[in-house]
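Undergrad: fold the following for me, if possible:
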Amino acid sequence: MKRPTARHGRGNAAPGARHLLRAGLTALALLPLAASAVVFYFDGAGGRSITLRVGSANAAINAVRFTVNNANVAPSPGPVTGVSEAGATGGTPAGGILFTVQTNRRTAVRVLADSSVGLSCVGGGCGTTVIPFDTIAWTSNQLATGTTAGQDIQSGRFNGSATQQILSVAVPAGSDSVLVQNTLVFTYDNSTLYPSGNYRGRVTFTAVAP
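TA: Prediction:
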């Protein structure tokens with residue numbers, strides 16, 4: 001399996017500039033969804049910053065594997081929960097991937113997911129088959145309650161678009177920062193019988209702040 005590279009970025013921008021941070025989530029299907037632990041940090045003018053983290057803080061490769069075999073193939077196939085591998089993600093439950101978004105001196109932040117390119121066959125006899133990313137959903141843990149309920153990453157699924165919004169949060173009145181942390185546990189629908197083999201794809205996450 002090709003190991004995705006964890007990347008780190010830092011840059012400066014003029015006041016009022018639109019800031020974008022991108023992080024990757026790579027996937028293997030039918031041995032699907034492998035996730036790269038990626039840390040991005042952006043430091044703008046006036047001490048303003050955004051931190052977007054996907055996976056563990058030590059930049060290890062956090063693979064999430066869906067193994068579809070035996071009873072998961074026939075006669076009554078059911079959804080397959082991914083299991084994270086190769087390094088702790090720092091989240092709970094242990095099989096998930098920890099997402100962290102933190103801002104300083106920012107009024108709002110959004111996170112978009114680009115899952116427009118599906119999971120392609122990379123070996124094992126599956127030919128040119130592509131599995132769309134809308135076959136993968138997630139359950140979000142550590143959801144906020146009270147006055148901040150709903151202002152974190154909710155449970156959902158990839159929709160195959162390039163600009164799917166999975167988070168939109170505003171900094172609370174009287175504060176100049178916000179921290180969002182959710183552990184996402186991914187599930188493969190397993191509702192369509194695809195040719196046996198190994199599949200791989202990538203979802204890109206983009207943090208956007210005004």
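Undergrad: low-confidence stretches in this structure?
TA: Across the chain, residues meeting the criterion (pLDDT under 70) sit at 1-47, 56-63, 85-91, 210.
Undergrad: ok, 90 please
TA: 1-78, 82-110, 122-125, 146-149, 169-179, 192-210 (pLDDT under 90).
Undergrad: for it, identify the residue most remote from the centre.
TA: In the chain, the residue that sits farthest from the middle, by Cα atoms, centre = their mean, is Pro75; the gap is 31.4 Å.
Undergrad: separation between that one and Leu193?
TA: 12 Å (Cβ to Cβ, to the nearest Å). No exception for glycine: its C-beta is placed from N, CA and C like everyone else's.
Undergrad: do the same with Arg202
TA: For Arg202 relative to Leu193 (Cβ to Cβ), the value is 24 Å.
Undergrad: neighbour-wise, which of the two wins?
TA: A direct count of neighbours by other Cβ atoms under 10 Å for Arg202 and Leu193 places Arg202 higher, at 17 against 10.
Undergrad: my guess is the more buried one contacts Gly118. True?
TA: No: using Cβ atoms under 8 Å, Arg202 is not in contact with Gly118, being 10.1 Å away.
Undergrad: give me phi/psi at Asn70?
TA: The phi and psi torsions at Asn70 (degrees, to the nearest 10) take the values phi 50, psi -120.
Undergrad: noted, bye for now.
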